[in-house]
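[1] my questions are about this predicted structure, shown below with the sequence.
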Amino acid sequence: MATQTKTKTAKTDDFKPSFEAFNMPTPSFEVPTAFREFAEKGLVQARDAYAKIKSAAEDTTEVVEDTFETARDGAFTMGVKAIDAVKANSDASFALAKDLFGAKTLADVIELQTAFARQQFDTMSAQFKEFGELAQKVVSDTAKPMTSHVEKTFKDFKAA
């Protein structure tokens with residue numbers, strides 16, 4: 001058996017393709033120097049542009065995260081302010097109810113109701129003003145970082 005294996009191995013080592021098309025010499029091709037320099041310059045520019053875009057994207061991601069955090073904080077502050085306003089208004093309503101139960105005459109009831117309405121009008125006007133100012137501040141604080149980042153990014157790309 002060992003002799004048969006040697007015989008088969010010897011036959012495959014001696015094999016030469018009879019078809020000469022696969023043995024054709026390949027022509028050597030030299031890339032012109034100007035073209036190679038142009039390609040290298042383009043590659044360097046592409047890498048620089050990619051690095052700038054990647055950096056801008058990372059910066060933008062950070063700014064977006066900060067913007068969402070600012071918006072979340074502003075929404076929380078407005079929610080707390082709304083709860084405070086509701087509490088103040090309910091306390092005033094309960095105080096009116098207590099005073100109305102203690103009223104002796106219809107004139108006392110009308111006087112208490114009128115004073116309450118005047119006080120609530122002033123209180124609600126002040127609350128609406130506070131909400132307006134707070135909302136304006138939250139929007140401004142939320143938009144300012146994104147606006148300045150976008151302006152900076154466009155200036156950087158324009159300069160490049």
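    That came in fine, so what should we check first?

[2] switch to C-alpha atoms for all contacts and neighbour counts from now on
    Fine.

[3] residues in contact with the spatially most central residue of the chain?
    For the chain, the residue nearest the mean C-alpha position is V64 (3.2 Å; CA atoms, centre = their mean). V64 makes contacts with M146, as judged by CA atoms under 8 Å, 6 or more residues apart in numbering.

[4] for A71, see how far away it is.
    10 Å (CA to CA, to the nearest Å).

[5] same deal with V139?
    Taking CA to CA, one finds V139 at 8 Å from A71.

[6] those two: which has the busier surroundings?
    A71 (17 against 13; other CA atoms under 10 Å).

[7] correct me, but that one touches S140?
    No - counting by CA atoms under 8 Å, A71 does not reach S140; the two are 10.0 Å apart.

[8] how far is the biggest helix by length in the chain from where the chain is centred?
    Taking DSSP state H as the criterion, the chain has its longest helix at helix 33-101. Distance, stretch centre to chain centre, for helix 33-101: 6 Å (CA atoms, centre = their mean, to the nearest Å).

[9] enumerate every residue touching V138.
    So V138 contacts 70-71, 74-75 (CA under 8 Å, 6+ apart).

[10] equivalent analysis for A75, please.
    Per CA under 8 Å, 6+ apart, neighbours of A75: V138.
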